[in-house]
Each structure stands twice: as C-alpha cells, then as structure tokens.
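**Student:** all I have is the shape, not the residue letters:
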C-alpha cells in the first residue's frame, strides 16, 4: 500500500481541494506551493507588455494580491491549470486597472480618447475612454469570457494565441469570442451614440 504524501509534498490539486473546503492551515500550504509560480507568471505577463511603460509596482505585488483574492474566495478548482488560469486573469485585470489609473493621473484626469476602430473593424470613430468600462461591464454580464478576450486584445494588444494561452482556451474559441465581441461592441457603441 503506497504511503500518503506528506503535507509539504502534497500535489497542488489536493491542496486546492483542501483550501476550498477550508481545512486548517490549507491557505498557508497552498500559498507556499504556488506563490513562486505566480510571481514568475506575473513577471512574464508584465514583460510581455514591455513592463507596462514604467509601472512602479513589482510583479510580485500582483502575484500576492491575486493569491489573497483566490484564497479568500474559497473557490473549488478541478485542476492546477484552472487555478493558474484564474489567478492569471486576476493579475492581468489588476495590471490593466493599475496602468489605466496611472495614465489617467499622469494626464491630470482629463478625458482620453481610445481608438477602437481597428478592434471594431475600422468603422467606428474614436470613443471616450469613459465609455469603454461600462461597455465592457455590460458585455461581462452577457458573457464574462468574451469581456476578458476584449480586455486582453484591446488594452494589452495580445494576440489570439496569447489570449488562448492566458484563458486556457483553444485559439479557435478565442477567435469566435472575438468576432462576437466585435459585433456586439459595434452595435453597443452605435446605440450609445444615437441615444446621446
């Protein structure tokens, strides 16, 4: 009969199950097991985006913040891949939000213009950046995954393959989500301009 793994050497999937069940000291064990990997992922994501143009926060800050959020949610994960994909999404969103806030402060909070014409097929005029978050929130309510694809594509300029890797999807699924999201956003912004 094989011996049970020690608590220190337990596979991440088992530690994730213990964490979701709220077992004693599971938070500390899962944190110790994954924090270095999350820090490497955060470094890679920031490097992929050119360091986000002088961002002052270290990648480890995003990794630790994501870890705390995931642990606090007590969410059940079926695999380590799902856990890392979810934690990566949290880090990516935090980096985007931090970078956006930093740019807004740098410009004195003045309205910025975002050209989404390339993203929407070259037919839309420039859009106030303040109109973008509500549009993405509305899309998120409809389909959170498609909203994530838009964030990664528009704010990060990620390729379809990069998005597929980040979200743990096939490239074909990402391309379908992107086509739908482009059509949906084009209609959304057209309706918003008409109603303004």
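**Tutor:** Noted; the coordinates are in hand. Keep in mind that what you see is a predicted model, and the values were worked out from it rather than measured.
**Student:** CA only for contacts and neighbour counts going forward, please
**Tutor:** OK.
**Student:** longest single helix anywhere in the protein?
**Tutor:** Identified as the longest helix of the chain according to DSSP state H is helix 80-106.
**Student:** in that helix, what's buried?
**Tutor:** By 16 or more other C-alpha atoms under 10 Å, the buried positions in helix 80-106 come out as 80, 83-96, 98-99, 103.
**Student:** which helices and strands sit right next to that helix?
**Tutor:** helix 12-20, helix 26-48, helix 59-73, helix 160-167 (3 or more C-alpha pairs under 8 Å, 6 or more residues apart in numbering; DSSP states H and E).
**Student:** any chance of those in JSON lines, plus distance to residue 176 and mean pLDDT?
**Tutor:** Shown next, in JSON lines, are the helices and strands packed on helix 80-106 (distance: least, C-alpha to C-alpha, whole Å; pLDDT from 0 to 100):
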{"stretch": "helix 12-20", "distance to residue 176": "30", "mean pLDDT": "84"}
{"stretch": "helix 26-48", "distance to residue 176": "24", "mean pLDDT": "84"}
{"stretch": "helix 59-73", "distance to residue 176": "28", "mean pLDDT": "86"}
{"stretch": "helix 160-167", "distance to residue 176": "10", "mean pLDDT": "81"}
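**Student:** indicate which one of these is closest to residue 173.
**Tutor:** Nearest to residue 173 among these is helix 160-167 (7.9 Å), distances taken as C-alpha to C-alpha.
**Student:** tell me how many other residues crowd residue 183.
**Tutor:** The tally of other residues near residue 183 (other C-alpha atoms under 10 Å) stands at 12.
**Student:** check which helices and strands whichever strand or helix holds it sits against.
**Tutor:** Element membership for residue 183 (DSSP states H and E) is helix 171-195. Contact partners of helix 171-195 among helices and strands, from 3+ C-alpha pairs under 8 Å, 6+ apart: helix 132-142, helix 144-150, helix 160-167.
**Student:** model confidence score at residue 175, please.
**Tutor:** At residue 175, the pLDDT value in this model is 94.
**Student:** one more: the one 10 residues further on?
**Tutor:** As summarised for this prediction, residue 185 has a pLDDT of 85.
**Student:** show me this protein divided up by domain.
**Tutor:** 1-109, 111-196 (automatic domain parsing).
**Student:** for the helices and strands packed on helix 80-106, which one sits closest to residue 154?
**Tutor:** With C-alpha to C-alpha as the criterion, residue 154 lies closest to helix 160-167 of the helices and strands packed on helix 80-106, at 11.3 Å.
**Student:** got the contact list for the nearest residue to residue 94 once chain neighbours are set aside?
**Tutor:** Spatial nearest neighbour of residue 94, chain neighbours left out: residue 62 (7.0 Å); criterion: C-alpha to C-alpha, 6 or more residues apart in numbering. Residue 62 makes contacts with 39, 42, 91, 94, 95, as judged by C-alpha atoms under 8 Å, 6 or more residues apart in numbering.
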